[in-house]
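Undergrad: need coordinates for the following:
(one chain, ligands or ions: 1)
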Amino acid sequence: MALLTPEDLEDLLNKLNMNNNIIKEATGMDIAQICEAVYGTTPDSRKVGIVPITSGNGIIGNFSSSLLAITEYFGLEGFITEHPDITGYHQAVANGADIILMADDHIFVAHNLRNGKIATNHVCTGVIYSEIASRYKHTDSKDVLVIGLGRVGYAGASHLVEKGFNVYACDPNTDFMNKAIEELGVKAFDIESPRKFSMVFEATPNANTISEGMIAERCLVSTPGIPCALPDELVEKYDIDLVMEPLVIGVAAMLYSVL
Ligand SMILES: NCCC[C@@H](N)C(=O)NCCCC[C@H](N)C(=O)O
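TA: Next up is the predicted model:
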């Protein structure tokens, strides 16, 4: 899994506002409304304790401050603990945190200490980005293309299957592909017999995974993946609504999912 860098997190809320405008135009709802629709929850007076974690590659500059900004953007109170790790966890609980947000290099969790709900960033990111793709209002198709069937892509494909969409998927890893076909019933997208999709959910750590044969002239591409899945020439040539930002939308889904 590619780790975030401080550069990825620069200008986070401006990127969010830009993406929220695209989401509103493409789906008719903003990200808070979509989170409410998916999880059936609304922000309340819960307090979020953010605990920096030093394991593995260590603390990422402005990761915790980004989580605080996101928490407050969606109307929740938050604080970052003075210490990291276990000492920080103890501080968060002692200071009355209802929800704990913390991440090592492998798992990023939101844990509600009051109702016991726990969420991971990779599942929530897959669910919310695939949900955004599926809400594209400029199509009546039920076909969605999912590119990438890792932890995030698989969660998104599963969510779309549950919602009754026709999910076509591709991943160079045949084990991932076979698992999704057997467990979810997705159809393998064959680049040799391309179909043009108006809704695409991309979840890979690679650039330019979307090629001309895959997309309709007017489409919505929803991707948390870094770097961008769309080649510049396609962005210029086609009418593409691109929803892409590195952290906020996934964290919003985590918070809504544990409220
Ligand atoms: N959609 C967001 C995915 C984030 C994930 N790829 C990552 O970088 N995880 C590592 C976070 C490490 C945080 C660090 N331990 C800290 O607490 O600052």
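Undergrad: C-alpha only now, for contacts and for neighbours.
TA: Fine.
Undergrad: low-confidence ranges in this structure?
TA: The chain contains residues with pLDDT under 70 at 1.
Undergrad: now do the longest strand seen in the chain: everything it contacts.
TA: What stands out as the longest strand in the chain, according to DSSP state E, is strand 215-222. Strand 215-222 is contacted by residues 26, 129-130, 132-133, 136, 138, 195-202, 238-244 when judged by CA atoms under 8 Å, 6 or more residues apart in numbering.
Undergrad: which among the residues you listed end up buried?
TA: 26, 129-130, 132-133, 136, 195-202, 240-244 (16 or more other CA atoms under 10 Å).
Undergrad: surely I191 is in a strand?
TA: No: looking at I191 with DSSP: H, G, I helix; E, B strand; the rest coil, it is coil, so not inside a strand.
Undergrad: measure it to the ligand for me?
TA: 27 Å (CA to the nearest ligand atom, to the nearest Å).
Undergrad: show me where the stretch 51-200 of the chain has helices.
TA: Taking DSSP state H, counting those that start in this stretch as the test, the helices found in the stretch 51-200 of the chain are 63-73, 85-94, 121-134, 151-162, 174-184.
Undergrad: tell me who's in contact with I118.
TA: V109, A110, H111, N112, V258.
Undergrad: how near is A37 to the ligand?
TA: On the measure of CA to the nearest ligand atom, A37 and the ligand end up 21 Å apart.
Undergrad: return the distance of the host helix or strand of that residue from the chain's centre.
TA: Using DSSP states H and E, the element containing A37 is helix 31-39. Taking CA atoms, centre = their mean, to the nearest Å, the mean C-alpha location of helix 31-39 is offset from the chain mean by 13 Å.
Undergrad: now whatever helix or strand comes next after it - C-alpha only, PDB.
TA: Note on helix 31-39: by DSSP H and E, the next helix or strand toward the C-terminus is strand 47-50. What follows is strand 47-50, C-alpha atoms only, in PDB (Å, rounded to 0.1, in the frame of the first residue of the first chain):
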ATOM      1  CA  LYS A  47     -15.800  14.100  20.400                       C
ATOM      2  CA  VAL A  48     -13.000  12.600  18.300                       C
ATOM      3  CA  GLY A  49      -9.500  11.900  19.800                       C
ATOM      4  CA  ILE A  50      -6.800  11.700  17.100                       C
END
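Undergrad: strand 47-50 pairs with which strands, and in what direction?
TA: strand 77-80 (parallel), strand 99-103 (parallel) (DSSP bridges).
Undergrad: out of those, nearest to the ligand?
TA: Among those, strand 99-103 comes nearest to the ligand, with 4.8 Å by CA to the nearest ligand atom.
Undergrad: narrow the contacts of strand 215-222 to those in strands?
TA: F197, S198, M199, V200, F201, E202, D239, I240, D241, L242, V243.
Undergrad: what's near enough to touch the fifth one?
TA: When contacts are counted by CA under 8 Å, 6+ apart, F201 is found next to Y129, S130, A133, V144, L145, V146, I147, G153, G156, V221, S222, T223.
Undergrad: would you mind giving the residues you listed as CSV with distance to the ligand added?
TA: Converted to CSV, those look like this (distance: CA to the nearest ligand atom, whole Å):
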residue, distance to the ligand
Y129, 11
S130, 14
A133, 17
V144, 21
L145, 20
V146, 17
I147, 16
G153, 12
G156, 13
V221, 16
S222, 13
T223, 10
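Undergrad: all good on my end, thank you.
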